[in-house]
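[1] This is the structure alone, sequence omitted:
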């Protein structure tokens with residue numbers, strides 16, 4: 001086993017340092033509502049602590065709209081049930097492990113639960129018994145295995161295995177998503193859990209190891225189980241924890257002065273990262289609003305929907321709410337999310353053609369095949385903005401990426417995806433009698449109104465999609481057909497964008513009345529994330545008007561985070577903070593599990609482990625208080641203090657091949673570059689004087705807290721003066737002229753001095 005560790009240590013990230021208490025969430029009681037049990041997952045499989053279900057990425061059961069995550073009865077829900085004098089339940093987010101400690105009359109028990117980060121088909125339970133005194137016995141510590149009822153999603157069959165205490169079952173799902181789709185088969189090995197555990201008379205302590213290994217490939221499931229069996233408990237834990245520590249080392253947000261806020265931010269990252277694979281893969285099936293640990297059919301007679309945690313389906317939530325903040329720290333994970341859209345490109349092209357359009361039309365709910373699986377017909381028929389949302393995620397990713405990273409995406413299906421999305425919108429828009437282009441029969445993000453015309457959010461998002469191919473050409477990222485590009489621009493330049501000049505705001509759609517309530521943010525999204533140019537007065541009016549008509553208990557799909565971003569843009573920190581705190585209503589229990597609605601709303605929490613809400617809160621921090629804006633050729637930064645903190649930082653941000661920290665303390669912002677992918681390029685800071693200052697690796701640069709830009713430049717275009725200021729092109733000529741003028745001024749002064757004295 002030492003050889004295994006030597007072989008693996010090179011690929012396991014090193015430990016991150018710093019305060020660890022903000023990564024610990026403790027409770028003396030497990031949540032009374034088990035819906036708020038925390039997830040443990042690794043992007044391939046996941047469960048909720050002590051639940052009866054394990055889910056595997058991409059394994060769904062049910063035809064079309066009845067498609068849902070296929071439930072595997074849990075073999076990792078092993079709980080100590082002996083009467084405890086005291087108990088502690090701990091979520092250790094830094095190491096990606098849930099811990100249950102129980103003090104019994106004659107021994108201590110510590111159980112650890114984790115989805116292995118290095119071996120993604122493994123769920124591990126380690127139960128350690130420890131005598132509290134040499135004279136004590138530690139006998140018959142009772143265990144309960146919560147497998148729940150048999151699963152109706154699989155036709156499972158057990159087979160004998162020639163390994164002690166090992167069980168094996170396998171079987172296909174019962175009903176595929178379409179008549180032509182495959183029947184995935186799962187292979188499931190696990191360690192049998194006895195009814196009780198005991199220490200021998202000579203043992204002071206012992207760790208019992210329970211392994212669950214699941215994969216759709218039998219060899220991988222079997223090999224994973226054998227690998228874990230050959231390792232010690234300490235080795236399994238060490239390798240797993242180092243992977244999690246490496247994730248935190250590669251990106252995190254730190255605050256000073258508000259422990260609860262810091263724990264909340266860490267929980268946002270943890271709950272999202274638990275549903276994402278560590279390594280980039282093209283086989284990922286996408287993020288669902290409820291994450292990978294949820295999405296089974298909880299209500300037998302109901303297809304999908306919020307009370308079934310949206311069945312594990314992928315919505316616009318992934319592209320618009322979860323990906324952007326994750327992308328700024330973990331670009332490979334963002335690429336994996338985009339890959340889940342690329343995976344179904346053939347299917348979404350078929351759908352567009354069947355609907356009478358060109359290009360690609362994404363479903364409102366995507367599962368295994370890429371065909372529509374939404375059970376609510378108004379959404380599946382009208383909520384077509386999801387196709388533009390995918391386009392927007394591509395635009396964001398390309399804006400944040402180095403030339404090498406952008407080329408990798410575009411060369412591996414990205415260019416086709418950009419073009420097919422633009423083709424769809426060009427064919428979907430219709431020329432009106434007024435000569436502009438309109439898009440009719442849609443639903444915007446506000447789901448209280450559908451079959452509407454000219455949703456301003458949908459139309460502007462479609463405009464951005466049609467402009468993206470031309471942007472690729474201008475950036476020399478792709479060689480495309482000029483005639484086709486001109487056709488895209490003809491429509492995008494003339495698409496109808498509703499604007500009420502008299503009241504200086506954007507009506508949500510044709511005929512919209514301000515007396516009507518809306519479900520969630522819609523028009524407000526024009527300002528961000530769409531970044532539509534508008535006057536400050538218009539931006540303010542949009543915020544004021546729609547904040548007043550938004551359902552205060554509507555699902556928090558980015559609503560209050562986007563209002564936070566908007567008010568910070570306008571220099572209204574108090575208004576921003578009021579909206580920021582609205583999101584905390586949706587955080588539940590000691591383990592900070594998000595819900596779609598506040599638990600005390602009339603509908604209850606609806607979808608739980610709602611990572612869409614976690615993504616929204618991170619957006620409020622990164623793009624609101626951080627003030628980051630991805631522009632096509634630079635990154636804008638305008639940091640604000642977070643109420644309750646004395647300082648805060650975004651560490652290990654990634655932008656165009658550079659890794660850097662941004663920190664705000666009092667009235668000073670510092671930028672510290674730690675890595676560069678290309679020695680021929682430099683990251684420069686452009687202050688309000690317009691000059692680019694090169695940032696040197698490992699040397700922090702401080703500046704008074706005012707907005708500035710970060711721009712990547714070629715080293716050959718940058719010259720550094722003794723004072724550290726960079727000069728390029730026209731800047732050099734201006735500096736030479738300035739120096740000449742200064743010398744002339746000094747000479748004139750000397751002459752005047754001699755004349756006078």
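    That came in fine, so what should we check first? Computed from a predicted structure; not experimentally measured. Numbers count the residues shown, from 1 in each chain.

[2] Now the terminal residues of stretch 152-159, how far apart.
    Its first and final residues considered, stretch 152-159 spans 19 Å by CA to CA, to the nearest Å.

[3] can you give me the mean pLDDT across that stretch?
    Per-region confidence: stretch 152-159 scores 96 on mean pLDDT.

[4] Test my guess that residue 665 contacts residue 645.
    No. Using CB atoms under 8 Å, residue 665 makes no contact with residue 645, being 9.8 Å away. Every residue, glycine included, has its C-beta placed from N, CA and C.

[5] Make sure residue 711 is indeed in a helix.
    No. Residue 711: not assigned to a helix; according to DSSP: H, G, I helix; E, B strand; the rest coil it is strand.

[6] now it, nearest residue through space, not along the chain?
    residue 634 (4.3 Å; CB to CB, 6 or more residues apart in numbering).

[7] Ramachandran angles for residue 172?
    Main-chain dihedrals, residue 172, degrees, to the nearest 10: phi -90, psi 160.

[8] For it, give me its contacts.
    154-155, 183-185 (CB atoms under 8 Å, 6 or more residues apart in numbering).

[9] what bridges to it?
    Legend: beta-bridge partners of residue 172 under DSSP bridges are residue 185.

[10] and the contacts of residue 172, which two are the farthest apart?
    155 and 184 (12.0 Å; CB to CB).

[11] give me the number of residues near residue 612?
    27 (other CB atoms under 10 Å).

[12] Skip the chain neighbours and tell me the closest residue to it.
    residue 317 is the one closest to residue 612 (CB to CB, 6+ apart), at 4.1 Å.

[13] if I pick that neighbour, what's in contact with it?
    The contact partners of residue 317, taken as CB under 8 Å, 6+ apart, are 287-289, 557, 611-612, 615.

[14] Among these, name the ones in helices.
    Counting by DSSP state H, these place 611-612, 615 in helices.

[15] Looking at residue 155 and residue 184 now, which is surrounded by more residues?
    Shown here are residue 155 and residue 184; by other CB under 10 Å, residue 184 has more neighbours (17 against 13).

[16] hmm, back to that, so, if you compare the contacts of residue 172, which one comes nearest to residue 38?
    residue 154 (25.6 Å).

[17] From residue 59, how far off is the spatially closest residue to that closest one that is not a sequence neighbour?
    Excluding the flanking residues, the one nearest residue 154 by CB to CB, 6+ apart is residue 171, at 4.7 Å. According to CB to CB, to the nearest Å, residue 171 and residue 59 sit 11 Å apart.

[18] any residues in contact with both of those two?
    residue 186.

[19] between the two, which one's more packed in?
    Counting neighbours by other CB under 10 Å for residue 171 and for residue 59 shows that residue 59 has the greater number, 23 against 18.

[20] was I right about that one contacting residue 216?
    Yes. Using CB under 8 Å as the test, residue 59 is close enough to residue 216 to be in contact (6.9 Å).

[21] overlap in contacts of these two?
    With CB under 8 Å, 6+ apart, residue 59 and residue 216 have common neighbours 184, 186.

[22] gap between the helix or strand harbouring residue 390 and the chain center?
    Assigned by DSSP states H and E, residue 390 belongs to helix 385-400. Taking CA atoms, centre = their mean, to the nearest Å, one finds helix 385-400 lying 14 Å from the centre of the chain it belongs to.

[23] follow-up on the earlier one: same list, the ones in helices among the contacts of residue 317, but as a markdown table with pLDDT and distance to residue 345 please.
    Putting these into a markdown table (pLDDT from 0 to 100; distance: CB to CB, whole Å) gives the following:
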| residue | pLDDT | distance to residue 345 |
| --- | --- | --- |
| 611 | 98 | 25 |
| 612 | 97 | 24 |
| 615 | 98 | 24 |
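
[24] Residue 698: which of the residues you listed is nearest?
    residue 615 (31.7 Å).

[25] Would you tell me what the next helix or strand after the helix or strand hosting residue 469 is?
    Assigned by DSSP H and E, residue 469 belongs to helix 456-474. Where DSSP H and E defines the elements, the next helix or strand beyond helix 456-474 is helix 482-494.

[26] follow-up on the earlier one: could you double-check that the residue nearest to residue 154 lies in contact with residue 159?
    No. Counting by CB under 8 Å, residue 171 does not reach residue 159; the two are 10.6 Å apart.

[27] List the contacts of residue 337.
    Contacts of residue 337 by CB under 8 Å, 6+ apart are 276, 284, 286-287, 318-319, 322-323, 326, 393.

[28] go again using 10 Å as the cut-off
    Residue 337 sits next to 276, 284, 286-287, 314, 318-319, 322-323, 326-327, 393, 397 when contact means CB atoms under 10 Å, 6 or more residues apart in numbering.
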